[in-house]
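Engineer: kindly generate the corresponding structure for this input.
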Amino acid sequence: MVRIGVEDVGRGRGDDGHSGGGTLLGMPSPSAERPETPDPRHWGFDWRHALPTRDTIQRHIPALSWLPSYRFRRDALGDLMAGLIVGVFQVTEGLAYALLANVPPVYGLYVPLMTAVVYFFLGSSRHLSVGTESLIALMIGTVVSRHVDLASEGHEAEAVRIATVLALMVGCTMVLMGLLRWGFVTLFMSPALISGFTTGAAFHIVMSQLWHLVGRKSPSYPPSFGFVRELARILGDVPHYNAAAFVCGVSSLVLLAIVRFFNKGGRITSHGIRWPWSPDAVASTIPFPGELLVVAVSTVVSFTTHLPEKYDLDILGPISQQLPSPGMSAISVHQFTDIIGEAVLIAVVGLILSYSFARSVVPKEECHIDGNQEFLALGMCHIVGAFFGSFMCVGSVSRTAVAYSAGAHSQVFSLVAALVCLLVILVLAPALTYLPKAALAAIVIAAVARLFLQFKDAVRLWKIKKTDFAVWVGTFTGVLLLGVVAGLAIGAAVTVIALLWATVRPPVLSLGRIKRTSSYAPLRTESGSPAEDVEEVPGVKIIRFTGNLYFANTEYFLSATLRAVGLASDKEGLMRIDPRKSVWTFELPVGNKPTNVIVLDCSSFTDIDSAAADALCEFGTIIRENGVKLLLAGVPVGVHKVLNRSRLGEIIGRDAFLPGVHEAVLHATFNIAGGDAAVGGEQTSL
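Structural biologist: Numbers count the residues shown, from 1 in each chain. Below you'll find the predicted structure:
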């Protein structure tokens, strides 16, 4: 296909640019000499437009936008210090959360090796620390326990296979959502739902670690009421507790509590104890890693006192110093169909946690996160990491807070943290052989203890909004009794029901005029008492519907309107749809006419459907036949178009649409009533 300029039409051009022997449309004649290299401007497609722009490349690989401006002297020291500290937390939490996910502890150290490199280039947050996290580890452990017999010999390999395949599926789901730009789905999980979910999940996390804390094997129960069964079982097994494990676990919890006391600003002075919540308490900018202290002390005590041999204390055992070789195992179709739903759920929850953690820790002016890009980044972390033994990759609120407080400027700190984990695997792994699992359980329990403080959210929601409280309670109860997956589904269902209920039953308010003004307000307060300085306009009933009008709430709205204006009691004069004729039916009580004019304040409408428009037409027709005038005030443009197409203007009159409530009241008082009040016969001054 040849693109011809307008100036070339009707004449030809020679090689020198002058008109020559050509044909129509400037095409050269067969005898004319053809140019050796045609001008690319004459072709209809320019390949340069198909290449991605610089902004597009930087948007999908954010590291290219900040790496060129990285200042080594200014930023390197902060990233180095933050990386070393985060690396210590990464090691201890990786070992602990691997147990929570029911995979060998060393796989918790494999997580940051490849994921840190991938997120370094693709992540949109400069301070988010990705790796292991307790809630996602619990969800992964739930899937693993359902497909693997954890009490059997040699179950570790099968557990790793299920966990890595699940990570691959989670990554593919995230990448697909990112490409489809579905990052907005995170907006549909309300803070009340997330709070209830994490609080309920905290109970399951603690319960799963209590078995390690008391030195007992964790039994396998189905998710439904599994927490109750585990609680009854662990309380009944008190005589069979391993004393060494119990003492080690409790001592570790006490040591972590003491370290946290000082990290939060608590002090012991000559004047007494200054608690962390005291007004003059100042928390440490860079917290001391109490988890590292617990690991070191418990390992040394376990080794020097021979606790595993004497008291059968459960320890990590030999840790492989070999790096995982790339590879991926296959799963059956049955396992795939059983896992895919939870993979989608983990993908959404993982992004929400990462997004909210970064937002809650880093100030808004320093936190620039793209939800769609995070889907792509975390998804690629899962996909690449799954081939190297990584079973999860999600943001951590504690490590992110540590990184920001320690002075991290970029994702360089995550590479340093990954090098710390690599050093532990290659050099220090033998030193962790005698690390008690009870100490790791104490680390997990101490990490999730902060989630129990979210019970205050339930109290606050009860005071602010009851429907949000219902979402919190429904999600928490579902997670606690029915499991993580079913509980989150229940919370989402309760959220949807609450949203639908708010649209189906919005408030219908009767308005009056504020004395000595042209403004209007509800005649009654929220408690039901009459509002001060608000008076009803004689002969005019003003109704405000605070929501959109559509098929599901039309009957409620019109019935409530009839009751509010006094045209019907609670049992009569209701408007309903006849399913046989698909039309609205309405019967007005005989001799009941307490008003001459009904003004509908439509200023809160943003949309209306055809069913509601037809109902308004029928409503306007019936009350007009009974001598009552219907006026509509403040109708938005979009709603006005729908009502005009439904012939409402022909029924109630084109002059029945007024720009505001006050104009409608003036129109009703002077034009309809002829300057006299419709009820009482007194002149109304507005």
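Engineer: from memory Val344 sits against Thr173, does it?
Structural biologist: Yes - the criterion here is C-beta atoms under 8 Å, and Val344 meets it with Thr173 at 5.2 Å. Every C-beta, even on glycine, is put in place using the N, C-alpha and C of the backbone.
Engineer: counting neighbours, go ahead and name the busier of these two.
Structural biologist: Ranked by neighbour count (other C-beta atoms under 10 Å), Val344 and Thr173 place Thr173 first, with 22 against 16.
Engineer: is that one in contact with Leu376, as I believe?
Structural biologist: No - look at Thr173 against Leu376 with C-beta under 8 Å: they stay out of range, at 11.7 Å.
Engineer: show me where the stretch 51-200 of the chain has helices.
Structural biologist: Shown for the stretch 51-200 of the chain, the helices assigned by DSSP state H, counting those that start in this stretch span residues 54-60, 63-66, 72-100, 106-122, 134-147, 155-179, 191-213.
Engineer: mind checking which of those is nearest Leu253?
Structural biologist: helix 191-213 (8.4 Å; C-beta to C-beta).
Engineer: what about that closest one, distance to the chain center?
Structural biologist: 18 Å (C-alpha atoms, centre = their mean, to the nearest Å).
Engineer: tell me the mean pLDDT over it?
Structural biologist: Taken as a whole, helix 191-213 carries a mean pLDDT of 90.
Engineer: buried set for it?
Structural biologist: 192-213 (16 or more other C-beta atoms under 10 Å).
Engineer: that one to helix 134-147, inter-axis angle?
Structural biologist: With axes from the mean of the first three to the mean of the last three C-alpha atoms, to 10 degrees applied, the angle from helix 191-213 to helix 134-147 works out at 60 degrees.
Engineer: now helix 191-213 - C-alpha only, PDB.
Structural biologist: Extracted as PDB, the C-alpha positions of helix 191-213 are listed here (Å, rounded to 0.1, in the frame of the first residue of the first chain):
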ATOM      1  CA  PRO A 191     -10.700  -2.200  55.700                       C
ATOM      2  CA  ALA A 192     -13.300  -3.800  58.000                       C
ATOM      3  CA  LEU A 193     -13.000  -7.000  56.000                       C
ATOM      4  CA  ILE A 194      -9.200  -7.000  56.000                       C
ATOM      5  CA  SER A 195      -9.200  -6.300  59.800                       C
ATOM      6  CA  GLY A 196     -11.600  -9.100  60.600                       C
ATOM      7  CA  PHE A 197      -9.800 -11.500  58.300                       C
ATOM      8  CA  THR A 198      -6.300 -10.800  59.700                       C
ATOM      9  CA  THR A 199      -7.600 -11.000  63.300                       C
ATOM     10  CA  GLY A 200      -9.300 -14.400  62.700                       C
ATOM     11  CA  ALA A 201      -6.300 -15.700  60.800                       C
ATOM     12  CA  ALA A 202      -4.100 -14.700  63.800                       C
ATOM     13  CA  PHE A 203      -5.900 -17.300  65.900                       C
ATOM     14  CA  HIS A 204      -5.100 -20.000  63.400                       C
ATOM     15  CA  ILE A 205      -1.500 -18.900  63.200                       C
ATOM     16  CA  VAL A 206      -1.100 -19.100  67.000                       C
ATOM     17  CA  MET A 207      -2.900 -22.400  67.200                       C
ATOM     18  CA  SER A 208      -0.600 -23.900  64.500                       C
ATOM     19  CA  GLN A 209       2.500 -22.800  66.400                       C
ATOM     20  CA  LEU A 210       1.300 -23.900  69.900                       C
ATOM     21  CA  TRP A 211       1.900 -27.500  68.800                       C
ATOM     22  CA  HIS A 212       5.600 -26.700  68.300                       C
ATOM     23  CA  LEU A 213       5.600 -24.700  71.500                       C
END
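Engineer: tell me what the next helix or strand after that helix is packed against?
Structural biologist: Of the helices and strands lying after helix 191-213 in sequence (DSSP states H and E), the nearest is helix 226-236. Counting contacts by 3 or more C-beta pairs under 8 Å, 6 or more residues apart in numbering; DSSP states H and E, helix 226-236 packs against helix 191-213, helix 466-482.
Engineer: quick one: buried residues of helix 226-236?
Structural biologist: Quick answer for helix 226-236 (16+ other C-beta under 10 Å): Gly226, Phe227, Glu230, Ile234.
Engineer: reformat those residues as a markdown table; add distance to Leu567.
Structural biologist: Rendered in a markdown table, the data for the buried residues of helix 226-236 read as follows (distance: C-beta to C-beta, whole Å):
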| residue | distance to Leu567 |
| --- | --- |
| Gly226 | 56 |
| Phe227 | 54 |
| Glu230 | 60 |
| Ile234 | 64 |
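Engineer: phi and psi next, for the closest residue to Gly78 other than its chain neighbours.
Structural biologist: Nearest-residue entry for Gly78: Gly407, 3.2 Å, with adjacent residues in sequence omitted and distances by C-beta to C-beta, 6 or more residues apart in numbering. Note on Gly407: backbone dihedrals following degrees, to the nearest 10 are phi 100, psi 20.
Engineer: quick check, pLDDT for Gly407.
Structural biologist: 84.
Engineer: how many other residues sit next to it?
Structural biologist: 17.
Engineer: and for Val628?
Structural biologist: 20.
Engineer: show me what contacts it?
Structural biologist: Contacts for Val628 (C-beta atoms under 8 Å, 6 or more residues apart in numbering) come out as Leu567, Lys593, Thr595, Asn596, Val597, Ile598.
Engineer: of those residues, closest to Ala447?
Structural biologist: So of these, ranked by how close each gets to Ala447 (C-beta to C-beta), first place is Ile598, at 60.7 Å.
Engineer: what about the strands in the protein?
Structural biologist: For the chain, the strands defined by DSSP state E cover 130-131, 267-269, 272-274, 394-395, 508-514, 520-522, 534-535, 540-545, 576-578, 583-585, 597-601, 629-633, 657-658.
Engineer: dump the fifth one to PDB, restricted to CA.
Structural biologist: Going back to what we said before, that points to strand 508-514. What follows is strand 508-514 as a C-alpha-only set of coordinates in PDB (Å, rounded to 0.1, in the frame of the first residue of the first chain):
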ATOM      1  CA  VAL A 508     -36.300   8.700  52.700                       C
ATOM      2  CA  LEU A 509     -36.400  12.100  54.400                       C
ATOM      3  CA  SER A 510     -39.200  14.700  54.800                       C
ATOM      4  CA  LEU A 511     -37.800  18.200  54.400                       C
ATOM      5  CA  GLY A 512     -38.900  21.500  55.800                       C
ATOM      6  CA  ARG A 513     -37.700  25.100  55.300                       C
ATOM      7  CA  ILE A 514     -35.200  26.500  57.800                       C
END
